[in-house]
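Chemist: got a structure for you, letters missing:
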């Protein structure tokens, strides 16, 4: 039988009935040992990033590799130890890669499309103005022709009147 534990007053801390219910001592048990947890970065069946989990067990379709890229300074050099998160990471089975969303164009593509649309509008406006100018030039030419005809008519009428006056005055 195990000796009964006693305190300084030699009074038993555990009686015989309680002693039979105590768990067996495990020398390898460490109550201060914390369960080790890690961050796991999850992806769906297509490899698209779905989020992260802090767990003691690694879930399926996950990795301990973070979906980050090295930070690149203004000179174009990667700075060691500094990373930036990916915008649209995809797991390729070995590493995270940045995938370009085919539905959403990049900022440069958006600017180029906007510029192209503005050029089309400008060309359309220019063509309309050219057509309007051509109509105005045609109208101006017609008016100039009409003015010349009217001037010719006035000259002819004036000459006729002069001849008629001269004839009237000679009689």
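Modeler: It's in. All values reported here derive from a predicted model rather than from experimental measurement.
Chemist: measure stretch 49-61 end to end?
Modeler: With C-alpha to C-alpha, to the nearest Å as the measure, stretch 49-61 spans 10 Å from end to end.
Chemist: who touches it?
Modeler: By C-beta atoms under 8 Å, 6 or more residues apart in numbering, the list of residues contacting stretch 49-61 from outside reads 35-45, 62, 64, 67, 86, 88-91, 96. Using the backbone N, CA and C atoms, a C-beta is placed for each residue, glycine as well.
Chemist: Narrow those to those in helices?
Modeler: In helices, judged by DSSP state H, none of those are found.
Chemist: Filter these down to the buried ones.
Modeler: 40, 41, 42, 43, 62, 67, 86, 89, 90, 91, 96 (16 or more other C-beta atoms under 10 Å).
Chemist: And the pLDDT for the closest residue to the fourth one other than its chain neighbours?
Modeler: To tie it back to what came earlier, the one meant is residue 43. Take residue 43 and drop its neighbours on the chain: the residue closest to it by C-beta to C-beta, 6 or more residues apart in numbering is residue 91, 4.2 Å away. On pLDDT, residue 91 comes in at 95.
Chemist: Does residue 91 touch residue 63 like I think?
Modeler: Yes: here residue 91 reaches residue 63: they are 6.6 Å apart, a contact under C-beta atoms under 8 Å.
Chemist: circling back: list the residues that contact the residue nearest to residue 43.
Modeler: Taking C-beta under 8 Å, 6+ apart as the criterion, residue 91 is in contact with 43, 47, 48, 49, 63, 67.
Chemist: from those residues, which single one is nearest residue 142?
Modeler: When those are compared for distance to residue 142 (C-beta to C-beta), residue 48 comes out closest, at 68.4 Å.
Chemist: just to revisit the earlier point, would you check which pair of the contacts of residue 91 lies furthest apart?
Modeler: Pairwise distances among the contacts of residue 91 were taken by C-beta to C-beta; the largest, 13.3 Å, belongs to 48 and 63.
Chemist: between the two, which one's more packed in?
Modeler: A count of neighbours by other C-beta atoms under 10 Å puts residue 63 above the other of residue 48 and residue 63, at 16 against 13.
Chemist: dump the residue contacts of the closest residue to the more buried one other than its chain neighbours.
Modeler: Closest residue in space to residue 63, ignoring its immediate chain neighbours: residue 41 at 5.5 Å, by C-beta to C-beta, 6+ apart. With contact set as C-beta under 8 Å, 6+ apart, residue 41 has these partners: 49, 51, 52, 62, 63, 64, 65, 66, 67, 96.
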